[in-house]
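**Q** Make a model of this:
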Amino acid sequence: MATPASFDNPYPSAQGPLATGLATLAGTPEYVSTIDPQLREIAGLAAARVGAAAFASITRLRGPFYITVALSDEIARAIDDAQYADDAGPCLEALQTGRPVGVPDIAATTMRWPGFHEEAPRLGLHASVSVPLHTARGGPVAVLNLYGRDQAAMAPLIAGICSVQGYPLEEAAGPGHPALTDEGGRELVAGYAEALAVRARITRALTVIMTENRCTPDDAYVSLCIRAAQAGTGLDEAAAALIPPKAT
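**A** Numbering: from 1, shown residues only. Below you'll find the model as predicted:
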């Protein structure tokens, strides 16, 4: 999965534990044992801090199966399970493509995701956004799903998440949506933007290592992990140290 060429953080001052958790995950090696606990923490923080979200869950692919590894309520699991049963839904699409998937009106998804379309409104949920989560290796390892009851409240959140990677706001949330004023929502958008920034720094550092050592991407990643361990830093810090000043 290619790293986005550009992205934007519309809320750089919106910092907090949720934003920190997303950025930290993006710099975490995929083989460490803390990944699932980090995902559970992110789901809990998102449910507690993002005002528009009634429920939160996190989807992962384990072998051939999609599973929910964290959730704020069993209602979220029911909506996830409906998507797994159909092998179709916004959470699966976000994990497969590495792009956020916003659904400002679940009632309009009849043909695209029939199980999701039926189950979510039955449980009183009318909008959602699924946000891909990355570790240091690059590709998405999980998806944060936020399900909301209020379409109007979810619209600016969906637009904010999608705008980080430059997707049209009208396409994401429809025209005329209000500004995102919820502090938790702003923090989520800021954290997602910083996670992509971490991912981009690591990708650039791997390119530097591959050029210098004439090695494969896998060998470059191992080299970066070794450099970080030797320096006693995280992968993001080790990556930043390798990037020429004009590229930071």
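
**Q** Which element, helix or strand, includes residue 68?
**A** In this structure, residue 68 is located in strand 65-71 according to DSSP states H and E.

**Q** For that strand, which strands pair with it and how are they oriented?
**A** Strands flanking strand 65-71 in the sheet, each with its direction: strand 55-62 (antiparallel) (DSSP bridges).

**Q** Just the CA coordinates for the partner strand, please, in CSV.
**A** Taking C-alpha atoms only, strand 55-62 is exported to CSV below (Å, rounded to 0.1, in the frame of the first residue of the first chain):
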residue,chain,number,x,y,z
PHE,A,55,-20.3,3.1,19.8
ALA,A,56,-16.8,2.1,18.7
SER,A,57,-15.1,-1.2,17.7
ILE,A,58,-11.9,-2.3,16.0
THR,A,59,-11.7,-4.9,13.2
ARG,A,60,-8.7,-7.1,12.4
LEU,A,61,-8.0,-9.8,9.9
ARG,A,62,-6.8,-13.0,11.6
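
**Q** pLDDT-wise, which helix or strand of the protein ranks last?
**A** Within the chain, judged by mean pLDDT, DSSP states H and E, the helix or strand with the poorest mean is helix 169-173; its value is a mean of 47.

**Q** Point out the other elements, helices or strands, that the helix or strand following that one touches.
**A** Per DSSP H and E, the first helix or strand lying C-terminal to helix 169-173 is helix 183-213. Applying 3 or more C-beta pairs under 8 Å, 6 or more residues apart in numbering; DSSP states H and E, we find helix 183-213 packed against helix 17-26, helix 35-49, strand 127-134, helix 151-163, helix 217-231, helix 235-242. For the C-beta atoms, the positions are set from N, CA and C on the backbone; glycine is no exception.

**Q** ok, now with 6 Å
**A** Of the remaining helices and strands, those touching helix 183-213 by 3 or more C-beta pairs under 6 Å, 6 or more residues apart in numbering; DSSP states H and E are helix 17-26, helix 151-163, helix 217-231, helix 235-242.

**Q** which residues make contact with the shortest one from outside it?
**A** In this case it means helix 235-242. Contact partners of helix 235-242, identified using C-beta atoms under 6 Å, 6 or more residues apart in numbering, comprise 27, 136, 198, 201-202, 205, 208, 224, 227-228, 231.

**Q** which of these are buried?
**A** Burial of these was assessed by neighbour count (16 or more other C-beta atoms under 10 Å); the buried members are 27, 136, 198, 201-202, 205, 208, 224, 227-228.

**Q** and which of the residues you listed is nearest residue 80?
**A** In terms of C-beta to C-beta, no member of the buried ones among the contacts of helix 235-242 lies closer to residue 80 than residue 136, at 25.7 Å.

**Q** contacting residues around that closest one?
**A** Residues counted as contacts of residue 136 (C-beta under 6 Å, 6+ apart) are 27-29, 202, 235.

**Q** Recalculate using a threshold of 7 Å.
**A** Contact analysis of residue 136 by C-beta atoms under 7 Å, 6 or more residues apart in numbering lists 26-30, 202, 235.

**Q** Buried ones only from those, please, as a PyMOL command.
**A** Only the buried members of the contacts of residue 136 end up in this PyMOL selection, burial being decided by 16+ other C-beta under 10 Å:
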select buried, resi 26+27+28+29+202+235
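
**Q** Tabulate the contacts of residue 136 (a markdown table), appending pLDDT and distance to residue 67.
**A** Rendered in a markdown table, the data for those read as follows (pLDDT from 0 to 100; distance: C-beta to C-beta, whole Å):
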| residue | pLDDT | distance to residue 67 |
| --- | --- | --- |
| 26 | 95 | 22 |
| 27 | 94 | 24 |
| 28 | 94 | 20 |
| 29 | 92 | 21 |
| 30 | 89 | 17 |
| 202 | 95 | 26 |
| 235 | 94 | 26 |
